[in-house]
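Asks: what would the 3D arrangement of this be:
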Amino acid sequence: MRVRNKPWAKDEMAEHREYVVLEPTELKGKWQAEFNNDAPIRLEVGTGKGQFIIEMARQHPEANFIGLELQDSVLVMALEKVLEYENIPNLRFVLGNAKELDQYFEKGEISQLYLNFSDPWPKSRHEKRRLTFKTFLDQYKHVLKDDGLLQFKTDNQGLFEYSLTSMSQYGMDFLEISLDLHHSKIEGNVQTEYEEKFSKRGSRINYMLATFK
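Replies: Here you go, the predicted structure:
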């Protein structure tokens, strides 16, 4: 996602610590205390403008939700969106890098992880940047519970096929796969901004639900 730099972004996020965690390493192993409950924690890697994770938190008060985003100029847009609501106590945003999840979360601290419309990085030399490359899968396996779930959505057929292969070679099990999510029997789908835009144009949404062995 290309966005204009917002030099004021970190200052605004610092003013809303009720939602934004700027130093996630300090909460490693203590996330349930941050939420002040013992509910399961679900994590979105690459939360973008926040529509998905905000709506998930609103629909599922029985769980805690964390949206991880690398770019502060993007994350501040998600913050501004959540501030439009009165209060969503089971939601936090983290400014951080998916390569460092094991620095932010204790082993098995996350119950479900979401990857939504990640950058496909189509050139072969950029394979290691894809969020379903094996080094990222190592991170997800570490932070997920033994029975934790990984949900993945993309409109990019090449990335989807690559991810199926990468996850299969890693030894993951696929619980659900759809090449056209919006015309499948899979229920409870919450759309991202990107998903709404491209599905209206007729793009098929690929979906998988997987787990680590």
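
Asks: show me where pLDDT drops low in this structure?
Replies: Applying pLDDT under 70 to the chain picks out residues 1-3.

Asks: show me where it has strands.
Replies: Under the criterion DSSP state E, the chain contains strands at 20-21, 41-45, 64-69, 91-95, 110-116, 144-154, 173-178, 206-211.

Asks: parallel or antiparallel, which strands does the longest one pair with?
Replies: If I follow you right, that is strand 144-154. strand 110-116 (parallel), strand 206-211 (antiparallel) (DSSP bridges).

Asks: want to throw the strands of the chain into JSON lines with mean neighbour count?
Replies: C-beta coordinates here come from the backbone N, C-alpha and C atoms, glycine included. Compiled in JSON lines, the strands of the chain are given as follows (neighbours: other CB atoms under 10 Å):
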{"stretch": "strand 20-21", "mean neighbour count": "21"}
{"stretch": "strand 41-45", "mean neighbour count": "25"}
{"stretch": "strand 64-69", "mean neighbour count": "27"}
{"stretch": "strand 91-95", "mean neighbour count": "24"}
{"stretch": "strand 110-116", "mean neighbour count": "22"}
{"stretch": "strand 144-154", "mean neighbour count": "19"}
{"stretch": "strand 173-178", "mean neighbour count": "14"}
{"stretch": "strand 206-211", "mean neighbour count": "20"}
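
Asks: redo those as a markdown table? Include distance to residue 56.
Replies: As requested, the strands of the chain are exported to a markdown table (distance: least, CB to CB, whole Å):
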| stretch | distance to residue 56 |
| --- | --- |
| strand 20-21 | 17 |
| strand 41-45 | 7 |
| strand 64-69 | 6 |
| strand 91-95 | 9 |
| strand 110-116 | 8 |
| strand 144-154 | 11 |
| strand 173-178 | 17 |
| strand 206-211 | 15 |
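
Asks: how near is the spatially most central residue of the chain to residue 91?
Replies: Note on the chain: the residue nearest the mean C-alpha position is residue 44, at 1.7 Å, using CA atoms, centre = their mean. Distance of residue 44 to residue 91, computed by CB to CB, to the nearest Å: 10 Å.
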